[in-house]
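all I have is the shape, not the residue letters:
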């Protein structure tokens, strides 16, 4: 839970970055903020002090606090580059519904494309043509040289899906560990005692590993599949029979949907014979039969937060902190309570 002063800070920062409070606007006084937010004056004063430290406001004794005009930067193009490998299929995750409004409010244009863009654009051209970049990370070694160069140039970049602390870029990711934990906890509450984890990636990518750790945290000392035992779509049916597994937590919705297809092909009923739960809540999750129980990533909020952090960095020149976004369990019809009769 955010500290009380952070709530005030974030609300005012959002209003300033989105131009709802344009340069020269007078902010509420410490006393007014204390009343509006039901906090102490010390708390409201700290929020204003943090805004001043970020370079967003200037405070004059006897006059109050005012939104500070930002000096234009060299090569300021007011364009953002968003590199997204599935940009032409947003059913896999639509970040733009949260991202576009905050960029439009700040009068920034967005170019969204995939990694083929990098075949004709290098670090220098990206810095010349754009004010900042949002990068959806896939494999950790992909485009590493470009990211290193942008990091050394202190170019504003926000990374989605995977933490890259080694590059010192802020990241916005879903709380994958909590997601894996909540998925497994649901199945345990439905009396499943032999729950497996299904992936199609070895070694596990960072986000998938976090989901697996959530699975392990939930099952504790009960039955579980170790890393070495984890099956893929090619062999999970055999392992399911061998280990008498009654439910699967899947790495993502695409794997869950393919697993259901294979189960149906061999006359195994979901959820009567086996329960399946996915992760991501892509559009197809609600359309398959049976509709897929899943962990929903808040793509709108991830997109909005990425835009907010990027604008903060561009506007203030100060690198923001990474953010982890809560997930939500969506219970549909691919899971059910098991009968031990």
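On my side now, so go ahead. Note that this is a predicted model, so its numbers are computed, not measured. Residues are numbered from 1 along each chain as shown.

what's stretch 213-231 in contact with?
176-185, 188, 193-199, 202, 204, 212, 238-239, 243, 249 (Cβ atoms under 8 Å, 6 or more residues apart in numbering). All C-beta spots, glycine's among them, are computed from the backbone N, C-alpha and C.

which ChimeraX command selects the buried ones in those?
Burial among the contacts of stretch 213-231 is assessed by 16 or more other Cβ atoms under 10 Å; the matching ChimeraX selection reads:
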select :176,177,178,179,180,181,182,183,184,185,188,194,195,196,197,198,199,204,212,239,249
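
out of the contacts of stretch 213-231, which are inside helices?
Within the contacts of stretch 213-231, membership in helices is found for 176-185, 188, 212, 238-239, 243, as judged by DSSP state H.

now the two most distant members of these.
Using Cβ to Cβ, the pair of the ones in helices among the contacts of stretch 213-231 lying farthest apart is 178 and 238, separated by 31.1 Å.

re earlier: of the ones in helices among the contacts of stretch 213-231, which is the nearest to residue 295?
Residue 295 lies nearest to residue 179 out of the ones in helices among the contacts of stretch 213-231, by Cβ to Cβ, at 4.0 Å.

I'd say that closest one and residue 294 touch.
No. Using Cβ atoms under 8 Å, residue 179 is not in contact with residue 294; the gap is 9.4 Å.

quick one: common contacting residues for those two?
By Cβ under 8 Å, 6+ apart, the residues touching both residue 179 and residue 294 are residue 279.

from residue 274, how far off is the nearest residue to residue 257 once chain neighbours are set aside?
Once flanking residues are discounted, residue 257 sits nearest to residue 288: 5.5 Å by Cβ to Cβ, 6 or more residues apart in numbering. Counting by Cβ to Cβ, to the nearest Å, the gap from residue 288 to residue 274 is 15 Å.

neighbour count for those two, which is higher?
residue 274 (23 against 19; other Cβ atoms under 10 Å).

can I assume residue 331 is in contact with residue 186?
Yes. Counting by Cβ under 8 Å, residue 186 is a contact partner of residue 331 at 7.0 Å.

shared neighbours of those two, anything?
Contacts common to residue 331 and residue 186, judged by Cβ under 8 Å, 6+ apart, are residue 293.

more neighbours, the two?
More neighbours surround residue 186 than the other of residue 331 and residue 186, with 20 against 12 (other Cβ under 10 Å).

just the ones in helices among the contacts of stretch 213-231 now: which is nearest residue 28?
Nearest to residue 28 out of the ones in helices among the contacts of stretch 213-231 is residue 178 (Cβ to Cβ; 35.0 Å).

show me the contacts for the closest one.
So, once contact is read as Cβ under 8 Å, 6+ apart, residue 178 ends up touching 214, 326, 327.

so in the chain, which helix runs the longest?
Longest helix in the chain, counting by DSSP H: helix 299-316.

which residues outside that one are in contact with it?
Residues outside helix 299-316 that contact it (Cβ under 8 Å, 6+ apart): 13-14, 17, 54-56, 70, 73, 80, 93-103, 106, 108, 131-134, 156, 158, 160, 170, 172-174, 318-320, 323, 325.

ok, now how distant is the residue lying farthest from the centre of the chain from residue 29?
Relative to the C-alpha centroid of the chain, counting by Cα atoms, centre = their mean, residue 62 is the outermost residue, at 42.6 Å. Distance, residue 62 to residue 29, by Cβ to Cβ: 12 Å.
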